[in-house]
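Asker: Any chance you can model this:
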Amino acid sequence: MKTVLFVLLILWGLPSTFFRSKFRKIVYQTDDWKINIKPIFVKEIKGLLFNLYPENEDYLKTRNSYRIYLLIYLFIFIVYYFYN
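Answerer: Sure, this is the predicted structure:
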């Protein structure tokens, strides 16, 4: 069962680059691909936890989808970590 959870964790982590890239481009308001490799986290975390652009529907939809994705990822990780 632990192996299945590990594989699930890996598979669930694959789309993270897509979600994070889309979210970072909205938060930092750029289309430059280099935003994906820059280690800038403060505004990204603020954008994830708070409401930086309340009038931007794309930001709200992307943020909420990314939140759900990360919560499921966290849940899988916790189950994997504490599974005996």
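
Asker: where are the low-confidence patches of the protein?
Answerer: Residues of the chain that meet the criterion pLDDT under 70 are absent altogether.

Asker: Output the longest helix belonging to it.
Answerer: Scanning the chain for the helix with the most residues, using DSSP state H, yields helix 57-82.

Asker: Could you give me the buried positions within that one?
Answerer: Of the residues in helix 57-82, those scored as buried under the neighbour-count criterion (16 or more other C-beta atoms under 10 Å) are Y59, T62, R63, Y66, Y69, Y73, I76. Glycine gets a C-beta too; all of them are placed from N, C-alpha and C.

Asker: so how far is that helix off the chain centroid?
Answerer: Its chain's average C-alpha position is 6 Å from that of helix 57-82, according to C-alpha atoms, centre = their mean, to the nearest Å.

Asker: So which elements touch it?
Answerer: Counting contacts by 3 or more C-beta pairs under 8 Å, 6 or more residues apart in numbering; DSSP states H and E, the secondary-structure elements packed against helix 57-82 are helix 2-13, helix 16-27, helix 42-49.
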